[in-house]
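>>> only the shape, not the letters, is given here:
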């Protein structure tokens, strides 16, 4: 097989010539790649802008929601005795609360026995029957239903406790150990007088030691002993008596949950009022979201004479977005005694950002109704609506399908795609040129090789003629 290399026949540096000519064909790639990098930067910037516009819309939507303005904050003057939480349905109020008795569960305990001892032998079988009810009158008043638990004489207290707990009879069993001995303790699963229990036994005599049929000490001497009776919580709200089976009072005062923890010696003062802290946080979140968007747009559109300007400098869409935001910020609302955001402490700074004057806002909060109206009034007019509605609606429109921000991001992506296609075309064209050039130089090499061979032949023949 013949071995050839471009340029052998002609003596030319074909590879260098072709590389330089192909490089000329590829020169447009440099400009295209620079544009592609700029487009990618712009797309990244618009991704940030899109995210920040959405965040501003969310912050405005929170202020536009009337329920957020109705948020209540409940306080207790003695949190060691009573804690209080308020739901969205609570209304502003104040009252005194006296706790005279805490709710508790009934408990009983067996006599001490040696650890892991049994009540009898494996041939002994019996039943513990658990009834729930009340001991309020001194004698047991059974409720509805009972649960029977089978007990074997070879069962230890640990085994019996497991059987009781698995039965879900409204009673929990616990083994208590001390000094090589143990006791079996029963406790109502819930607090309150109505959650008391009675335990009867049958089957073999030793099982009677786990029965509980009377609260009287003498009557329970052969069975379990009463450790604690079940009680209802007792309290007074503004002097009105309240009872509860648990220490959690829910909706005794609508929208409030009162958690009783101690018997009180003096009234606890409970106050429910507008949660001003939550409202201030919402307003601050709005100011922060606006300022973040303002900083991003300002940085992206900045002009630096003789330096590096923002990648979106001079972009009409971005500049227009900045103008829209600032116009809304400087507009007024109709329907409140406050008409501008600056009236309640949202003050625009020289860099266009928003700063919350908390002192001024605190003064405005004295008139919570008009403060809310400044943000939530719906006049069916985008020019005079409350500011939360204005910013919410504009932000949603900007990032919606077909919105200005969404369209701009899509346009940049389209430019990136077209740029990539153009780079592919330039690369393909350069590859074709290279192929053609190499084919041409290969043909030239072949012709030059033939001419060289002919020249050598002619020279040899002349030499022979001269000798002759």
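Cool, the structure landed. Quick caveat: nothing in here was measured; it's all calculated off a predicted structure.
>>> adjacent strands (with direction) for the lengthiest strand in the chain?
Longest strand in the chain, counting residues (DSSP state E): strand 141-152. Its sheet considered, strand 141-152 pairs with strand 125-134 (antiparallel) by DSSP bridges.
>>> need the residues that contact the strand it pairs with.
Here strand 125-134 makes contact (Cβ atoms under 8 Å, 6 or more residues apart in numbering) with 140-143, 145-153, 164, 167, 169-171, 188, 193-204, 207, 210-211, 230. (Glycine included, C-beta is placed from N, CA and C.)
>>> those residues, buried ones only, as a ChimeraX selection?
Listed next is the ChimeraX selection for buried residues among the contacts of strand 125-134, using 16 or more other Cβ atoms under 10 Å:
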select :140,146,147,149,151,152,153,164,167,169,170,171,188,193,194,195,196,197,198,199,200,201,203,204,207,210,211,230
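>>> what about the residue lying closest to residue 389 once chain neighbours are set aside, neighbour count?
Excluding the flanking residues, the one nearest residue 389 by Cβ to Cβ, 6 or more residues apart in numbering is residue 64, at 5.4 Å. Residues lying near residue 64 (other Cβ atoms under 10 Å) number 22.
>>> same check on residue 225?
By the criterion of other Cβ under 10 Å, residue 225 has 15 neighbours.
>>> ok, what's across the strand from it?
With DSSP bridges as the rule, residue 225 is bridged to residue 109.
>>> what's the burial count for residue 305?
Per other Cβ under 10 Å, the neighbour tally for residue 305 reads 5.
>>> now do it against residue 45, distance only.
Relative to residue 45, residue 305 is positioned 21 Å away (Cβ to Cβ, to the nearest Å).
>>> please apply the same query to residue 450.
Using Cβ to Cβ, we find residue 450 at a distance of 63 Å from residue 45.
>>> which one's more surrounded, these two?
For residue 450 versus residue 45, the count of surrounding residues by other Cβ under 10 Å is larger for residue 45: 22 against 11.
>>> helix or strand for the more buried one, just tell me which one.
Assigned by DSSP states H and E, residue 45 belongs to helix 14-64.
>>> got a pLDDT number for the residue lying closest to residue 189 once chain neighbours are set aside?
Nearest residue to residue 189, sequence neighbours excluded (Cβ to Cβ, 6+ apart): residue 170, at 5.0 Å. For residue 170, the pLDDT comes out at 93.
>>> swap in residue 468?
Note for residue 468: predicted pLDDT of 67.
>>> ditto for residue 202
94.
>>> all helices of the stretch 101-250 of the chain, in order?
Secondary structure of the stretch 101-250 of the chain (DSSP state H, counting those that start in this stretch): helices at 157-166.
>>> which stretches of it aren't confidently modelled?
Per-residue confidence of the stretch 101-250 of the chain (counting by pLDDT under 70) places the weak regions at 217-221.
>>> how about 90 then?
Scanning the stretch 101-250 of the chain for pLDDT under 90 picks out 136-138, 143-145, 214-223, 226-228.
>>> give the closest residue to residue 280 in space, chain neighbours not counted.
Distances taken as Cβ to Cβ, 6+ apart put residue 361 closest to residue 280, at 6.3 Å, once the chain neighbours are dropped.
>>> flag every buried residue along the helix or strand harbouring the one you found.
If you go by DSSP H and E, residue 361 is part of helix 358-364. For helix 358-364, a neighbour-count test (16+ other Cβ under 10 Å) marks 361, 364 as buried.
>>> contacts for that helix?
Residues outside helix 358-364 that contact it (Cβ under 8 Å, 6+ apart): 280, 283, 338, 343, 344, 345, 346, 347, 370, 371.
>>> quick one: mean pLDDT for that helix?
In this model, helix 358-364 has a mean pLDDT of 96.
>>> same question for stretch 424-439.
The average pLDDT within stretch 424-439 is 82.
>>> what are the contacting residues of that stretch?
Stretch 424-439 is contacted from outside by 6, 14, 17, 18, 21, 22, 25, 26, 28, 29, 32, using Cβ under 8 Å, 6+ apart.
>>> wait, the last one touches residue 422, no?
Yes. Taking Cβ atoms under 8 Å as the contact criterion, residue 32 and residue 422 are neighbours in contact, 5.7 Å apart.
>>> those two: which is more packed in?
For residue 32 versus residue 422, neighbours defined as other Cβ under 10 Å are more numerous around residue 32 (19 against 16).
>>> show me what contacts that one?
Residue 32 touches 419, 422, 423, 426, counting by Cβ under 8 Å, 6+ apart.
>>> so how many other residues sit close to residue 312?
Using other Cβ under 10 Å, residue 312 has 24 neighbouring residues.
>>> and what about it, helix, strand or coil?
coil (DSSP: H, G, I helix; E, B strand; the rest coil).
>>> do you know how far it is from residue 69?
37 Å.
>>> repeat that for residue 186.
Per Cβ to Cβ, residue 186 is found 51 Å from residue 69.
>>> over to residue 126?
Going from residue 126 to residue 69 by Cβ to Cβ gives 64 Å.
>>> just residue 80 next, same as before
Distance, residue 80 to residue 69, using Cβ to Cβ: 32 Å.
>>> more neighbours, those two?
Higher neighbour count among residue 80 and residue 69: residue 69, with 22 against 10, using other Cβ under 10 Å.
>>> check which helix or strand covers residue 426.
Under the criterion DSSP H and E, the helix or strand holding residue 426 is helix 404-467.
>>> dump the residue contacts of residue 25.
Contacts of residue 25 (Cβ under 8 Å, 6+ apart): 426, 429, 430, 433, 434.
>>> quick one, domains of this protein?
Listed by automatic domain parsing, the domain ranges of the chain are 28-68+277-407, 72-103+233-274, 107-228.
>>> mind putting those into a markdown table with distance to residue 458?
Listed next are these as a markdown table, based on distance: least, Cβ to Cβ, whole Å:
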| stretch | distance to residue 458 |
| --- | --- |
| domain 28-68+277-407 | 48 |
| domain 72-103+233-274 | 109 |
| domain 107-228 | 116 |
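>>> which of these sits closest to residue 413?
Among the domains of the chain, the nearest to residue 413 by Cβ to Cβ is domain 28-68+277-407 (6.2 Å).
>>> and the closest one, end to end?
Across domain 28-68+277-407, the terminal residues are separated by 28 Å (Cα to Cα, to the nearest Å).
>>> how many neighbours does the residue lying closest to residue 93 once chain neighbours are set aside have?
Spatial nearest neighbour of residue 93, excluding adjacent residues (Cβ to Cβ, 6+ apart): residue 272 at 4.9 Å. When counting by other Cβ under 10 Å, one arrives at 20 neighbours for residue 272.
>>> checking residue 272 next. Helix, strand or coil?
Per three-state DSSP, residue 272 ends up strand.
>>> how about it, what does it touch?
Applying Cβ under 8 Å, 6+ apart to residue 272 gives the contacts 72-75, 84, 86, 90-94, 255-256.
>>> now, these that are in strands?
72, 73, 74, 75, 84, 86, 93, 94, 256.
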